[in-house]
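Q: this one's sequence-less:
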């Protein structure tokens, strides 16, 4: 058993709930799309970004990932720390523990878990899951845009005028 696997097994339910809250509020669950002239591929991805170094190091250790520091956006801001998990094996072990505690990104996590559980070569099934994921992301974006408009904020195209 790897060191990160041992740590994952020793985490309390409250730790998983806290990490899920960070994923809900500061994270991204996605399928990164890439393509060549002949192929389209998707890479599963769970990422969390924050400026709290200690919190991000805990999340990285718990998820079996590394941290990456970025320069602050402004000189007086703190550095930004990213944690990203893209390994199917790791996602298979952590998503079932996070899903019960996710509120906002639960559906994305369930779809990502379905994707990483599919055997290699099951392209029709994967295509169906990817299409559902794309639909979900599009719906989320439309809802956010509608909420912004209802609050009286202009659409991005109108802000430039």
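A: Sure, I can see it. A quick note: this is a predicted structure, and the numbers were derived from the prediction, not measured. Numbers count the residues shown, from 1 in each chain.
Q: so how far is residue 86 from the closest residue to residue 22 other than its chain neighbours?
A: Distances taken as C-beta to C-beta, 6 or more residues apart in numbering place residue 48 nearest to residue 22, at 5.5 Å, with adjacent residues excluded. Placement of C-beta: from N, CA and C, glycine included. From residue 48 across to residue 86, the span is 13 Å (C-beta to C-beta, to the nearest Å).
Q: quick one: which of those two has more around it?
A: The neighbour comparison of residue 48 against residue 86 (other C-beta atoms under 10 Å) goes to residue 48, with 25 against 13.
Q: picking that back up, now the residue nearest to residue 22: phi and psi?
A: Here is the backbone geometry of residue 48 (degrees, to the nearest 10): phi -130, psi 140.
Q: which residues does the residue nearest the centre of the chain contact?
A: Nearest to the mean C-alpha position of the chain, by C-alpha atoms, centre = their mean, lies residue 29 at 2.3 Å. Contact analysis of residue 29 by C-beta atoms under 8 Å, 6 or more residues apart in numbering lists 23, 45-46, 105, 108-109, 112.
Q: ok, so of these, who is nearest residue 138?
A: The shortest approach to residue 138 among these belongs to residue 108, at 12.3 Å (C-beta to C-beta).
Q: assumed the residue nearest to the centre of the chain was part of a strand.
A: Yes: Residue 29: assigned to a strand according to DSSP: H, G, I helix; E, B strand; the rest coil.
Q: now the helices for this structure?
A: Assigned by DSSP state H, the chain shows helices spanning 3-10, 13-26, 53-63, 88-98, 106-117, 123-150, 156-159.
Q: which of the residues in the second one are buried?
A: Going back to what we said before, that points to helix 13-26. Using 16 or more other C-beta atoms under 10 Å as the test for burial, helix 13-26 gives 15-16, 18-24, 26.
Q: next, format those as a markdown table and append pLDDT and distance to residue 66.
A: Below are those laid out as a markdown table (pLDDT from 0 to 100; distance: C-beta to C-beta, whole Å):
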| residue | pLDDT | distance to residue 66 |
| --- | --- | --- |
| 15 | 95 | 19 |
| 16 | 96 | 20 |
| 18 | 96 | 20 |
| 19 | 96 | 16 |
| 20 | 96 | 20 |
| 21 | 96 | 21 |
| 22 | 96 | 16 |
| 23 | 96 | 17 |
| 24 | 95 | 22 |
| 26 | 94 | 17 |
